[in-house]
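# missing the sequence, but the structure's below:
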C-alpha cells in the first residue's frame, strides 16, 4: 500500500509541476535591483565593469568564499591597480600576496595571464569567450563570467550557486557531474538578451543568499512559484551528487629548526607540482607508506631533534594529510644547507607560506594565526 501511495503522490506532483509557469528572467532582475550584494569588485549600477577587476575576482573566487577573497582582492588592487602593473610584478611577490588563499596554481596562472594580456593584447582583455579561454588559467566558466559581466554579452556562466538554482528550478534528477550538460541547456533558455551581465550576477546572488544549500529561504525567492523542487517540497535534496570518494591518507614530517640569532630555516618548493614555488620548512615527501622510524634520515642538518606531540592535519582537494613536526635549535653561525635559507622570524609572515606550513609553524610555537 505504501508503494502504491508513493507512486500516486509522484504522479500527482509531476502533474502539478507540469502546470508551473516558466521562470521569468525579468523577475530575477527586479529582485537583483533591490537586493544585490555590495562586493568590492562589483561596479555600481550604470557603471561599466572593469574587465581587470572582474577577471581578478573570478580567479580568486574559484573554490574560495567571498568572505575570504575580499581582503585579498583589495590588497591586490592596492599593490597592482592595473593588469600591466600585475604583469610587471615578480612572481614571488604575487605568491606572497596570495599566501593563505589556497590552490596556488591559480596565483601562478594569474601572473602568467597578466603577462599575456599585457604583452600579447596591449593590456586589454579579449571580449569573447574564445579569446579569454586562450589565456592561462581561464576555463569555460571564468571566460563566460567575464564575457557576461565585463562586456554585457549573452554568455552562460554556471558556477556552484547557479548549478544549485537550476537543478532546483527544474528538479534535475541526473547526478553531477553528468548533469552539467542538462543544467547548461536549461540555463541557456533563461539568459536574456538585455542585461546578461546583471542576470549572471543575479543568479550568483540568488544562490548565495536565498537558494542556499541548507534551509533555502524559498518564501523570499523571486522564482518561488515556478520552482519544481519547491513545489514538490524536496528542494534541499538538489543538486543530486554522487557519493564523495575520499583520497587515501598521506603522512609526512616537517623540520622546524631555529637559529640562536632569531632565524628559521626554510626553502622553496619546486616550481611545478603541488604548492609550486611556495615557501616551506624542510619536509619529507607526503606518502601513504610514510615510515616514522626513518624520518630523521631526512632531516636538513644534524641537530638534537625533538618530535612534538600530536600531528598537524590538513585537507587537500584529493587527499587528507597528517604531518609530524620535529623541532631543533642550532648556533647562530650555522650555515644553511644547499637549497635552503635562513629567514628572520619577524619577517616570516612575508613569505609565501601555504596554510599547511602556517599550521606546522603554529604547532611549533612560531608564526601567527594562519590566513584562511
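Cool, got the structure. Here the structure is a predicted model, which means the values were calculated and not measured.

# going forward, measure contacts and count neighbours with C-alpha atoms only.
Fine.

# helix/strand/coil for residue 328?
Of the three states, residue 328 takes strand under DSSP: H, G, I helix; E, B strand; the rest coil.

# List the contacts of it.
Counting by Cα atoms under 8 Å, 6 or more residues apart in numbering, residue 328 touches 255-258, 303-306.

# Residue 148 now?
Residue 148 neighbours (Cα under 8 Å, 6+ apart): 154-157, 196-197, 200.

# and the gap between it and residue 237?
Residue 148 is 30 Å from residue 237, where distance means Cα to Cα, to the nearest Å.

# how long is stretch 159-179 end to end?
Using Cα to Cα, the end-to-end distance of stretch 159-179 comes to 13 Å.

# ok, now stretch 308-325?
Length of stretch 308-325, first residue to last, Cα to Cα: 6 Å.

# in this protein, which spans are helices?
For the chain, the helices defined by DSSP state H cover 2-18, 25-35, 51-61, 66-79, 83-88, 91-98, 105-120, 129-133, 140-151, 160-169, 180-188, 196-209, 228-232, 355-363.

# Break this protein down into its domains, please.
The chain breaks down into these domains under automatic domain parsing: 2-237, 250-363.

# Same list (the ones you listed) but as JSON lines, adding mean pLDDT and distance to residue 244.
Output for the domains of the chain, formatted as JSON lines (pLDDT from 0 to 100; distance: least, Cα to Cα, whole Å):
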{"stretch": "domain 2-237", "mean pLDDT": "92", "distance to residue 244": "11"}
{"stretch": "domain 250-363", "mean pLDDT": "92", "distance to residue 244": "11"}
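
# nearest to residue 243, of those?
Checking those against residue 243 by Cα to Cα gives domain 2-237 as the closest, at 9.9 Å.

# any idea how far the closest residue to residue 223 other than its chain neighbours lies from residue 204?
Spatial nearest neighbour of residue 223, excluding adjacent residues (Cα to Cα, 6 or more residues apart in numbering): residue 23 at 6.2 Å. Residue 23 sits at a distance of 16 Å from residue 204 (criterion: Cα to Cα).

# Give me the residue at the spatial middle of this structure.
residue 63 (2.2 Å; Cα atoms, centre = their mean).

# number of nearby residues for residue 330?
By other Cα atoms under 10 Å, 18 other residues sit near residue 330.

# circling back to that earlier point, need the domains of the chain in CSV (columns: distance to residue 243).
Listed next are those as CSV, based on distance: least, Cα to Cα, whole Å:
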stretch, distance to residue 243
domain 2-237, 10
domain 250-363, 14
